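K.L.:
Following is a predicted model, sequence given first.
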Amino acid sequence: MNSKLSMILFVLILGSVLTTALVAVDQLTKEPIARNKAVKLQKGILSSLSIEFGQDDIDKKFSSNIEIIERQGFELVKFYRCQTSGDIAFEISGTGVQGPIHGTIALSPDLEEIRGLSIVEQKETPGLGGRIVESEFLNQFKGKKVSSGLAILSPGKAAADNEVDGLTGATLTCNALEILLNSEIKKYVVMFRESK
């Protein structure tokens with residue numbers, strides 16, 4: 001009987017110690033994780049707005065160049081206006097093939113043309129769909145018109161002002177990104193225009 005009681009006490013004490021340790025680790029890492037997420041977003045906004053920055057001056061560049069505009073829809077949404085160009089950036093998020101894709105996109109002040117696109121986080125296959133983060137691919141979006149919807153086509157097929165070349169071996173990721181971009185642009189452009 002004593003051995004059963006000892007075992008129960010041991011399990012309870014061990015469980016309490018481990019639970020306390022997990023709570024402590026959570027509390028210690030919560031702030032650095034939130035800070036890293038905020039820095040990733042700032043980098044994405046600055047990149048999509050073509051504002052150069054260094055690792056040590058992200059906060060300064062962001063606060064001196066970006067005006068935050070809040071709009072209330074179903075949820076509170078933040079838009080980021082470049083104080084020099086008037087370009088408007090916002091966060092985009094949706095489903096990829098292997099997991100969620102998060103990024104930022106900047107549009108011209110009239111919300112008709114892409115100024116820049118940045119992928120902040122993705123889980124696509126490295127070497128294939130994961131190449132959506134490469135500047136060679138993302139730079140194709142600059143200057144593209146959004147009013148009739150974006151089209152990501154097979155490599156070498158883009159010709160119109162709303163088309164970009166996709167990535168070889170990443171057709172599904174490109175299709176998912178096209179759907180994500182068109183959906184998010186439409187939603188946020190309408191929200192921004194209606195709440196002026």
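P.N.:
That came in fine, so what should we check first?
K.L.:
which stretches of this protein form strands?
P.N.:
Along the chain, the stretches classed as strands by DSSP state E are 66-72, 76-82, 88-95, 100-107, 114-121, 151-153, 163-165.
K.L.:
can you tell which of these is closest to residue 180?
P.N.:
Closest approach to residue 180 among the strands of the chain is made by strand 88-95 (3.4 Å; C-beta to C-beta). In short, each C-beta sits where N, CA and C put it, glycine included.
K.L.:
CA-only coordinates of the closest one in PDB, if you can.
P.N.:
Extracted in PDB, the C-alpha atoms of strand 88-95 (Å, rounded to 0.1, in the frame of the first residue of the first chain):
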ATOM      1  CA  ILE A  88      -0.500  51.200 -49.200                       C
ATOM      2  CA  ALA A  89       0.700  47.900 -47.800                       C
ATOM      3  CA  PHE A  90      -1.200  45.200 -45.900                       C
ATOM      4  CA  GLU A  91      -0.800  41.700 -44.600                       C
ATOM      5  CA  ILE A  92      -1.900  38.700 -46.600                       C
ATOM      6  CA  SER A  93      -2.500  35.200 -45.400                       C
ATOM      7  CA  GLY A  94      -3.900  32.000 -46.800                       C
ATOM      8  CA  THR A  95      -3.500  28.400 -47.500                       C
END
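K.L.:
tilt between that strand and strand 66-72?
P.N.:
Following axes from the mean of the first three to the mean of the last three C-alpha atoms, to 10 degrees, one obtains 60 degrees for the angle between strand 88-95 and strand 66-72.
K.L.:
Point out where the protein drops to low pLDDT.
P.N.:
The model of the chain has pLDDT under 70 over residues 1, 195-196.
K.L.:
Would you point out which residue is most central in it?
P.N.:
Nearest to the geometric centre of the chain sits residue 103, at 2.2 Å (C-alpha atoms, centre = their mean).
K.L.:
Provide a list of residues in contact with the nearest residue to it once chain neighbours are set aside.
P.N.:
Nearest non-adjacent residue to residue 103, counting by C-beta to C-beta, 6 or more residues apart in numbering: residue 119, 4.3 Å away. Residue 119 is in contact with 44, 101-103, 132-133, 138, counting by C-beta atoms under 8 Å, 6 or more residues apart in numbering.
K.L.:
for residue 166, same thing?
P.N.:
Taking C-beta under 8 Å, 6+ apart as the test, what residue 166 contacts is 152-155, 174.
K.L.:
cool, residue 188 as well?
P.N.:
77, 79, 90 are the contacts of residue 188 under C-beta under 8 Å, 6+ apart.
K.L.:
So which elements touch the top helix by length along the chain?
P.N.:
Using DSSP state H, we find that the single longest helix of the chain is helix 2-48. Under the contact definition 3 or more C-beta pairs under 8 Å, 6 or more residues apart in numbering; DSSP states H and E, helix 2-48 sits against helix 58-65, strand 88-95, strand 100-107, strand 114-121.
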